[in-house]
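# Predicted structure and sequence below. I'll ask about it afterward.
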Amino acid sequence: MSKHIVYILISLKDNNLYVGCTSSLKKRIVKHTTGKVPATKNRRPLDLIYFEVVKNKTDAFQKERYYKSLWSSNFKKSLKKLNTP
């Protein structure tokens, strides 16, 4: 059983959040920071502000969907507050 990571990035350019999931956070962050992810290419620089390890891919995609939904808006607002100067 492989572990997956759900993560949240904040754009230092527009202060918006990006939610994603991956099996290798280090490799995925490199792709984001080098502009190889279309969704964040023009929103760099980015900071990793949250990540969570989950037990499998299915759970990771469910968590990702949750964090992208309105249900998690209070959680995301608190993350933004903590990470905004």
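Looks like it came in fine.
# what's the spacing between the worst-scoring helix or strand of the chain on mean pLDDT and its chain's center?
Scoring the helices and strands of the chain by mean pLDDT, DSSP states H and E places helix 73-82 at the bottom, with a mean of 87. Offset of helix 73-82 from its chain centre (Cα atoms, centre = their mean, to the nearest Å): 13 Å.
# Same check on stretch 51-66?
The chain centroid and the centroid of stretch 51-66 are separated by 11 Å under Cα atoms, centre = their mean.
# what's the answer for stretch 55-72, then?
Relative to its chain's centre, stretch 55-72 lies at 11 Å (Cα atoms, centre = their mean).
# Next: stretch 48-68.
In terms of Cα atoms, centre = their mean, the gap separating the centre of stretch 48-68 from the centre of its chain is 9 Å.
# so who does Tyr66 touch?
Listed by Cβ atoms under 8 Å, 6 or more residues apart in numbering, the contact set of Tyr66 reads Ser72. Using the backbone N, CA and C atoms, a C-beta is placed for each residue, glycine as well.
# by how many degrees do the lengthiest helix in the chain and helix 73-82 diverge?
For the chain, the longest helix by residue count, based on DSSP state H, is helix 57-68. Relative orientation of helix 57-68 and helix 73-82, computed by axes from the mean of the first three to the mean of the last three Cα atoms, to 10 degrees: 70 degrees.
# State the distance from the residue lying closest to Gly35 once chain neighbours are set aside to Phe75.
In this structure, Gly35 finds its nearest non-sequential neighbour in Lys41, 4.5 Å apart by Cβ to Cβ, 6 or more residues apart in numbering. Applying Cβ to Cβ, to the nearest Å, the value for Lys41 to Phe75 is 26 Å.
# wait, Lys68 sits on Gly20?
No. Counting by Cβ atoms under 8 Å, Lys68 stays clear of Gly20, with 9.4 Å between them.
# So these two - more neighbours on which side?
Set side by side, Lys68 and Gly20 show more neighbours around Gly20, with 21 against 15, by other Cβ atoms under 10 Å.
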